[in-house]
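> no sequence on this one, just coordinates:
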């Protein structure tokens, strides 16, 4: 069973930085793409960033491109989301996700989800 646990959320001022982590277990981490999604109150969950199984390919939503960086450490079974130049619009619960099939792309599809970590950006 795939288990994903996010950490690193919190309260940050606009312009600040946070780094989210997601520890994965339950299957061979290095065989699957990983992604980050977010959901703000009253809004649908949206894709933020994805990284393929090897870490060589990444993909970002336009709203975070140039500010967020996704990376992975296959030796630690962990994926990260470095968030910089934070904006109040980035306030949301952030979820990591694991690819549905082996060797899928950074675009997905994603099938397994963590419980989320809250990020709040104050103006």
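All right, it came through fine. If you're wondering where the values come from, they're calculated on a predicted model, not measured in any experiment.
> Could you look up the next helix or strand downstream of the lowest-mean-pLDDT helix or strand in the chain?
Across the helices and strands of the chain, mean pLDDT, DSSP states H and E gives its lowest value to strand 110-113, namely a mean of 94. Following strand 110-113 in sequence order, the next helix or strand is strand 117-122 (DSSP states H and E).
> which residue is nearest the centroid of the protein?
By Cα atoms, centre = their mean, the chain has its centre lying nearest to residue 36, at 2.4 Å.
> So which other helices or strands are in contact with the least confident helix or strand of the chain?
On a contact count with 3 or more Cβ pairs under 8 Å, 6 or more residues apart in numbering; DSSP states H and E, strand 110-113 meets strand 34-39, strand 92-99. Glycine gets a C-beta too; all of them are placed from N, C-alpha and C.
> need these in CSV with distance to residue 105, can you?
Output for these, formatted as CSV (distance: least, Cβ to Cβ, whole Å):
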stretch, distance to residue 105
strand 34-39, 10
strand 92-99, 8
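> is it true that residue 31 touches residue 102?
Yes. Taking contacts as Cβ atoms under 8 Å, residue 31 lies within contact range of residue 102: 4.6 Å.
> ok, those two, which is more surrounded?
Each of residue 31 and residue 102 has its neighbours counted (other Cβ atoms under 10 Å); residue 31 has more, 15 against 12.
> got a list of what that one touches?
Counting by Cβ atoms under 8 Å, 6 or more residues apart in numbering, residue 31 makes contact with 53, 102-103.
> What separation do you get for the residue of the chain most remote from its centre and residue 12?
Relative to the mean C-alpha coordinate of the chain, counting by Cα atoms, centre = their mean, the farthest residue is residue 123 (22.8 Å). Going from residue 123 to residue 12 by Cβ to Cβ, to the nearest Å gives 11 Å.
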